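Novice: Here is a sequence with its predicted model. Questions after.
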Amino acid sequence: MGSNRGGELGNASRIDTYTPGDVVGLTSGVSAVAPGYFHTCALTTGGAVKCWGQNTFGQLGNGSRGQVLVSSVPVDVAGLASGVTAISAGRGHTCAVTTGGGVKCWGENTYGQLGNGSRTGSTTPVDVAGLTSGVSAIAAGYAHTCAVIGGGGVKCWGWNYGRLGNGSREEFSTKPVDVRFSATPSATALKLTLGGASPQPLLVQKAITVTAGCTTPCALAATGSVTILGTRLVFGLTRATAKLAVGKRTLTLRFPAAEQQRFRRLLKPGRQARAVITVRAKDTAGNMSTSKRTVVVQR
């Protein structure tokens, strides 16, 4: 029941209805249903897939598109008369998991949501790159798709901007990428100390050194800032970044000349301000750790 402008109710009409009605030919023998935006698919108990509704992008999977924009009754998905265990539908694409653990998708592919390494749509199922086995579940979003793989991992592909979970905000990926899960806080065991730890205020015209170390291989980088009368000054980092090293490294921070001039204008001699030094560590798996230290600086 509901909107039926694209034939997505599968009752051989395109008239909206507000009470439940039968889908033509599917009054029994169905194990799962996957509704998309304006199309719907069903998985039969025999492992076949049938779809109906709007077919603008070929999301019904029967080899047609354009000349057959709508089907108000279920049609067979090409090549999937059996052997399917799960289905999911997105806006204009549909995906299925086979009994062998492979993934096949069809329909719209503007952002690579079919996962076959291209951005060309398909009116029939195509294999998702690298996922011919080992997949246990599938989920199709608006224009991206994710799959659960053996060992509990997750791979996603299609429209990104953070949806794929791999730490990238690239617009899209036409092939599956690994979802990067958050590491435990001790992943890089980042420790930060102040070089020559002295209770005396640090002079802004002199270098500020911090010592940071990791217990696992990591790359280190440091930044710093200080706020005086609402104006934020920034430390510049003299290149001392340690690359993929275990143990302590010294990083040197100093105010650029222009920042020192601003500091002199804003702060009288002998006056003090608080500064925050931030050190970040990134390990080989891409996990991030951050440590901060507040220090006092003066002109």
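Specialist: That came through fine. Since this is a predicted model, take the numbers as computed values, not measurements. Numbers count the residues shown, from 1 in each chain.
Novice: How about Ser3: what's its closest non-neighbour residue?
Specialist: Closest residue in space to Ser3, ignoring its immediate chain neighbours: Asp16 at 5.5 Å, by Cβ to Cβ, 6 or more residues apart in numbering. Just so you know, the C-beta spots here come from the backbone N, C-alpha and C atoms, and that holds for glycine as well.
Novice: Also Lys206?
Specialist: Arg254 (7.6 Å).
Novice: Can you show me the CA trace of whichever helix or strand Ser173 is part of as PDB?
Specialist: Element membership of Ser173, judged by DSSP states H and E, is strand 172-178. Extracted C-alpha coordinates of strand 172-178, given in PDB (Å, rounded to 0.1, in the frame of the first residue of the first chain):
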ATOM      1  CA  PHE A 172      33.100   8.200  -4.700                       C
ATOM      2  CA  SER A 173      34.800   4.800  -5.000                       C
ATOM      3  CA  THR A 174      33.900   2.500  -7.800                       C
ATOM      4  CA  LYS A 175      35.400  -0.500  -5.900                       C
ATOM      5  CA  PRO A 176      34.900  -1.800  -2.400                       C
ATOM      6  CA  VAL A 177      37.100  -0.200   0.300                       C
ATOM      7  CA  ASP A 178      37.600  -1.300   3.900                       C
END
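Novice: That one: partners in the sheet, and parallel or antiparallel?
Specialist: Strand 172-178 pairs in its sheet with strand 154-159 (antiparallel), by DSSP bridges.
Novice: circling back: quick one: buried residues of the strand holding Ser173?
Specialist: 172-177 (16 or more other Cβ atoms under 10 Å).
Novice: Likewise for stretch 26-42?
Specialist: For stretch 26-42, by 16+ other Cβ under 10 Å, it's 26, 34, 36, 38-42.
Novice: ditto for stretch 10-30
Specialist: Buried residues in stretch 10-30, counted by 16+ other Cβ under 10 Å: 10-11, 23, 26.
Novice: which of the residues you listed lies closest to Lys282?
Specialist: Gly10 (50.6 Å; Cβ to Cβ).
Novice: Was I right to think that closest one contacts Val30?
Specialist: No - look at Gly10 against Val30 with Cβ atoms under 8 Å: they stay out of range, at 11.1 Å.
Novice: and the two most separated of the buried residues of stretch 26-42?
Specialist: Leu26 and Phe38, at 18.2 Å, using Cβ to Cβ across the buried residues of stretch 26-42.
Novice: Out of the buried residues of strand 172-178, which comes closest to Val295?
Specialist: Val295 lies nearest to Val177 out of the buried residues of strand 172-178, by Cβ to Cβ, at 39.9 Å.
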